[in-house]
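1. build me a model from this:
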Amino acid sequence: MALVKCRLCGKLFATENGAGFRGMCRECTLRLEELYDRSGIHNYLRRYGTEGKFDPDKIAHDLEMNPRDVRLLFDMGYLDRDIQVYSREPSPHDELADEFKRILDRERKKTLPPPPPPRQTGTSRSTSYGGRVYRRK
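-> Numbering: from 1, shown residues only. All right, here's what the predicted structure looks like:
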């Protein structure tokens, strides 16, 4: 166990791996997770995107958050800096992904064995291993 100073609140906390979760105490981590859920920052970024320029001060001002918290959410991996605004037109990446899926499905169907014939009901009775070995004769 090691004592580490939280990079947000400065409080000492004990951790087993030496760094805690990104150098933050449990209370600060929980506060940021709650802030992420409550603020709707992910919906804001999906709606408006970052348009090639990440500006935590603008995002924080629009959502009435602390810019430091916005930067920490990005640093912790909760958000992506290069998020794009959703559009109705498929991108070339989407078209390539769809084509790749079609090719994989076609190849998978070639390699799968044919399905077994349907079972006829009433002709034979299936038994378990125990039923075959230990049945009374």
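2. what sits closest to the residue nearest the centre of the chain if chain neighbours are left out?
-> The geometric centre of the chain, computed from its C-alpha atoms, lies nearest to residue 78 (CA atoms, centre = their mean), at 9.6 Å. With sequence-adjacent residues excluded and distances taken as CB to CB, 6 or more residues apart in numbering, residue 78 is closest to residue 36, at 5.3 Å. All C-beta atoms are positioned from the backbone trio N, CA, C, and that covers glycine.
3. which residues touch the one you found?
-> 42, 73, 78 (CB atoms under 8 Å, 6 or more residues apart in numbering).
4. filter the residues you listed down to the ones in helices?
-> 42, 73 (DSSP state H).
5. check which helix or strand the residue nearest to residue 78 maps to.
-> Residue 36 is located in helix 26-39, with elements delineated by DSSP states H and E.
6. buried ones in that helix?
-> Neighbour-count burial for helix 26-39 flags 28, 29, 32, 35, 36, 39 (criterion: 16 or more other CB atoms under 10 Å).
7. of all the residues you listed, which comes closest to residue 118?
-> Closest approach to residue 118 among the buried residues of helix 26-39 (CB to CB): residue 36, at 51.9 Å.
8. distance of the closest one from residue 43?
-> 11 Å (CB to CB, to the nearest Å).
9. give me the below-cutoff pLDDT ranges for this structure.
-> Applying pLDDT under 70 to the chain flags the ranges 17-21, 49-54, 80-91, 120-127, 136-137.
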